[in-house]
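# Sequence isn't available, so here's the structure alone:
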């Protein structure tokens, strides 16, 4: 497959956008990416979205957005893998450009969640789980993650406060990201006293939903000589893998095998190892997922992901910088858009555009996007040249 | 891009499958395709589906099915383009195999529609239209198509009975397809007397929904030396294009520009012309769509698609055989699965497996799958070697 580079990026602030429609949110990010890329048209549009049929009564989002932003008579399609939809859309676009069939693509991750009441959104999010064997039992998505976290604490002897560094780091970094949903520092006391959602997951273990969109323009790498002084960023590695959709079907519910598999594939393709990764935007939908991702991707031993936080290794100047723009926890988690926010943020790091949370000399970044409770996992490794 | 061949096909009968779940329907077609291909595993699974979030409360169908059929730790994703989802899934799989990143893929189109009441399904189908500017006005999907048909009749002077040959041909062909939803011949009198749905579209202008799934296994063509005496079928041409999502935004609502564009692309890639197409499985969701597809793809002049039926050119031994297995009209239209039924049926023709509706010496077949009212259109050309 031919090498693919990122030509431009765009994103919108994550918020409750009562004044903006699904159309406008996705369109704004898409147009921002085209503008950043310095192009008006691309050959195709790939849209990652999870909830628009359920929340906006709108399907066929590929064409919905190609129509809205004036990409008339172009190929367009929607890709869905629950909260992994954004990463899955990038992968679909990557395959199409890498195949040689098209020469440019716009990839947009978008979600508009505020148009329904909270209980409707909770029900909609449960469609990421197994409808017949999980959701049918009345368990919510956070409930499933709570069972996993409780088991992890039991198995490895961690207490709830040991997870605090994940959220504290995310909130601290989001302070410097104008696109982030939450701009408030937190400390261990606040983390411990936060309202319970599903024991042991409290409000500060959990990422906030929101409305938002993020986008990139991709082209064959050979067509990008230079980017007005910015480093050229290529997609050096890409992997996608799956696990059972229901957590209870797994032999070991504390190991994200799809994270391991997809990261392994991405490492091999990019010819790098975990120690080469300068920045890692992981899928911290719940603090437990940060620990499990770090372990599955080779940054910590089994059961020891939590220690990286306690040892202060996760901040932008630590050994394994994660959630440098706030992560899902504080940048926010507009579910189908999240994977594309991660990609945009890694590129911002590789371009050196992250100000107070810039990782010095970042050259290689990784983004990992998860659909369901570890069911569909996409890992991309980006390199600055 | 490297050439891709079809290694195996599978399908289920389209029906109201009260005794089968979404899982079983899609799984049965997928396993049938793997069995036909003579392989147990593939590198990736691409699923086309439109309505499972709304009807089954299930998202993330890629992983849902990879889990169910035992494709553990493999890549899996869902692709959605309304009723064009099946064709869009094939295209996504094609790009991935053509890129060289993976060496085999299973593509499944699946829909389970009987689990909701009729008015819920009508509302769910309306998500293919523009939620803000069409569905919001209370118009149903068939209502939009009725406006197009009425305009066509007004513009070109056709009367309703002139459309009868489309449905009569489809029903006659479905008699010989064991997987078809409807097995009943119809005549002009029945066509004219059928119950009105949305003037001028009556029940026999409209395709029946249903539960069903169809699947193929694709691999790089160079890996297929022979198929136990069956001709090797390659994907020789592929095109995807879009139009506005709302019909009223088009300068000319009677021209399927996305059909024209996607067919043009497919013809060029396959290096063929309309006259070279031996069999054409088109998207006859409503009889008017048959006429418009034939015109946009170069088989008839503007406004003259209807004449092909009146001149008896559309039967298996006519000049332009369409709906040879019953089409959407009589084989049935399980929306997100339909595009894959079309592909499977073209392959059956190229393999010479169609019995009474076999097109003699069929070597080149085309399938065209439409999402929305002409909004997303995918055209694939298959060749037997």
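Done, it's in. Please read these numbers as outputs of a predicted model, since none were measured by experiment.
# and the stretch 251-385 of chain A, which of its residues are near chain B?
Residues of the stretch 251-385 of chain A lying near chain B by CB under 8 Å from any CB of the partner chain: A:257-258, A:261, A:371-372, A:375-376. (Each C-beta comes from the backbone N, C-alpha and C, glycine too.)
# Is residue A:373 in contact with residue A:247, as I believe?
Yes: at 5.0 Å, residue A:373 counts as touching residue A:247 under the criterion of CB atoms under 8 Å.
# Of the two, which one has the most company?
Neighbours were counted for residue A:373 and for residue A:247 using other CB atoms under 10 Å in any protein chain shown; residue A:373 has more, 29 against 23.
# how about the more buried one, what does it touch?
For residue A:373, the contact set (CB atoms under 8 Å, 6 or more residues apart in numbering or on different chains) comprises A:128-129, A:141, A:144-145, A:148, A:247.
# Secondary structure element holding it?
When elements are assigned from DSSP states H and E, residue A:373 belongs to no helix and no strand.
# what sits against the residue with the largest distance to the centre of chain A?
Going by CA atoms, centre = their mean, the residue of chain A most distant from its centre is residue A:73, 29.7 Å out. Listed by CB under 8 Å, 6+ apart, the contact set of residue A:73 reads B:241-243, B:257-258, B:261.
# before we move on, back to that, out of the residues of the stretch 251-385 of chain A next to chain B, who's the most crowded?
residue A:371 (35 neighbours).
# Model confidence score at the nearest residue to that one once chain neighbours are set aside, please.
Distances taken as CB to CB, 6 or more residues apart in numbering or on different chains place residue A:84 nearest to residue A:371, at 2.8 Å, with adjacent residues excluded. Residue A:84 is assigned a pLDDT of 98 by the prediction.
# What helices and strands are in contact with the helix or strand bottoming out on mean pLDDT in chain A?
Every helix and strand of chain A was ranked by mean pLDDT, DSSP states H and E. The lowest is helix A:118-125, at a mean of 93. Contact here means 3 or more CB pairs under 8 Å, 6 or more residues apart in numbering or on different chains; DSSP states H and E; on that basis helix A:118-125 packs against helix A:52-55.
# right, is the helix it packs on up against chain B?
Yes: using CB under 8 Å from any CB, we find that helix A:52-55 touches chain B at A:53-54.
# ok, now how distant is the residue nearest the centre of chain A from residue B:139?
In chain A, the centroid-proximal residue (CA atoms, centre = their mean) is residue A:339; its distance is 3.0 Å. For residue A:339, the distance to residue B:139 equals 34 Å [CB to CB, to the nearest Å].
# And residue A:203, by the same measure?
43 Å.
# partner residues bridging residue A:213?
residue A:110 (DSSP bridges).
# meant to ask about residue A:10, not that
With DSSP bridges as the criterion, residue A:10 is bridged to residue A:215.
# quick one: residue A:341 and residue A:83 touch, right?
No: using CB under 8 Å, residue A:341 is not in contact with residue A:83; the gap is 11.5 Å.
# what mean pLDDT does stretch A:31-47 have?
For stretch A:31-47, the per-residue pLDDT averages 97.
# From one end of it to the other, what's the distance?
13 Å (CA to CA, to the nearest Å).
# In it, which of the residues would be classed as buried?
A:31-34, A:36-37, A:42-47 (16 or more other CB atoms under 10 Å in any protein chain shown).
# if we look at chain B, which of those residues are close to it?
Answer for these near chain B (CB under 8 Å from any CB): residue A:44.
# Can you flag which of the buried residues of stretch A:31-47 belong to helices?
A:31-34, A:36-37 (DSSP state H).
# any low-confidence regions in chain A?
Along chain A, segments meeting pLDDT under 70 span A:226-228.
# Which stretches in it count as strands?
Ranges of strands in chain A, per DSSP state E, are A:4-11, A:44-48, A:75-80, A:105-111, A:196-198, A:201-202, A:212-220, A:233-242, A:279-281, A:364-371, A:376-384.
# Tell me who's in contact with the residue of the stretch 151-300 of chain A found nearest chain B.
Closest residue of the stretch 151-300 of chain A to chain B, CB to the nearest CB: residue A:240 (4.0 Å). Shown in contact with residue A:240 (CB under 8 Å, 6+ apart): A:87-88, A:91, A:262, A:265, A:376-379, B:44, B:75-77.
# what does residue A:46 give?
Applying CB under 8 Å, 6+ apart, we find residue A:46 in contact with A:62, A:76-79, A:89-90, A:92-93, A:96, A:105-108.
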